[in-house]
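Trainee: Sequence and predicted structure below; questions after.
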Amino acid sequence: MKPPLRESDTGATFRVDLEAGPAMLKTWLRHPGPERLEHGAYYVTVELLDGSESPGGE
(Lines give C-alpha, C1' and ligand atoms only; values in the text may rest on other atoms or scores of the structure.)
Protein backbone atom coordinates (compact mmCIF):
# COMPACT_ATOMS: atom_id res chain seq x y z
CA MET A 1 0.00 0.00 0.00
CA LYS A 2 1.23 3.43 -0.75
CA PRO A 3 -0.85 6.45 0.34
CA PRO A 4 -0.01 9.86 -1.13
CA LEU A 5 2.39 11.58 1.28
CA ARG A 6 3.98 15.00 1.56
CA GLU A 7 7.46 15.61 2.94
CA SER A 8 5.92 17.41 5.94
CA ASP A 9 3.66 14.44 6.91
CA THR A 10 4.40 12.80 10.24
CA GLY A 11 2.07 9.79 9.87
CA ALA A 12 -0.05 7.72 7.53
CA THR A 13 -3.35 5.90 8.00
CA PHE A 14 -4.29 2.69 6.22
CA ARG A 15 -7.65 0.98 6.38
CA VAL A 16 -7.73 -2.65 5.30
CA ASP A 17 -10.20 -5.50 5.63
CA LEU A 18 -8.60 -8.57 7.21
CA GLU A 19 -9.92 -12.05 7.78
CA ALA A 20 -10.25 -13.23 11.38
CA GLY A 21 -7.30 -15.08 12.84
CA PRO A 22 -3.60 -14.64 13.48
CA ALA A 23 -1.71 -12.17 11.30
CA MET A 24 1.77 -10.72 10.92
CA LEU A 25 2.43 -7.05 10.28
CA LYS A 26 5.60 -5.99 8.49
CA THR A 27 6.42 -2.35 7.74
CA TRP A 28 8.81 -0.63 5.39
CA LEU A 29 9.36 3.07 4.91
CA ARG A 30 11.23 3.96 1.75
CA HIS A 31 12.79 7.37 1.31
CA PRO A 32 13.03 8.89 -2.15
CA GLY A 33 16.41 9.74 -3.55
CA PRO A 34 19.41 7.99 -5.00
CA GLU A 35 20.24 6.16 -1.74
CA ARG A 36 16.79 4.46 -1.63
CA LEU A 37 16.99 4.34 2.19
CA GLU A 38 14.60 1.87 3.82
CA HIS A 39 13.66 1.06 7.44
CA GLY A 40 10.78 -0.29 9.49
CA ALA A 41 8.16 1.87 11.19
CA TYR A 42 9.07 3.18 14.65
CA TYR A 43 5.64 2.19 15.97
CA VAL A 44 2.18 1.25 14.71
CA THR A 45 -1.32 1.36 16.14
CA VAL A 46 -3.90 -1.23 15.12
CA GLU A 47 -7.61 -0.76 15.82
CA LEU A 48 -10.66 -2.95 15.27
CA LEU A 49 -13.41 -0.95 13.60
CA ASP A 50 -16.99 -2.20 13.84
CA GLY A 51 -17.85 -1.15 10.27
CA SER A 52 -19.66 2.05 11.25
CA GLU A 53 -16.46 3.96 12.01
CA SER A 54 -13.68 5.17 9.77
CA PRO A 55 -10.19 6.52 10.53
CA GLY A 56 -10.30 10.06 11.87
CA GLY A 57 -13.97 9.75 12.93
CA GLU A 58 -15.28 10.70 9.49
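Mentor: Sure, I can see it.

Trainee: Give me the secondary structure label for the residue lying farthest from the centre of the chain.
Mentor: Centroid-distance maximum for the chain: Pro34 at 23.6 Å, with Cα atoms, centre = their mean. Of the three states, Pro34 takes coil under DSSP: H, G, I helix; E, B strand; the rest coil.

Trainee: how close does it get to Thr45?
Mentor: 32 Å (Cβ to Cβ, to the nearest Å). Backbone N, C-alpha and C define where each C-beta goes, glycine included.

Trainee: try Arg30
Mentor: Per Cβ to Cβ, Arg30 is found 21 Å from Thr45.

Trainee: quick one: low-confidence ranges for the protein?
Mentor: 1, 51-58 (pLDDT under 70).

Trainee: Spell out the residue ranges of the strands in it.
Mentor: Along the chain, counting by DSSP state E, strands occupy 29-30, 38-39.
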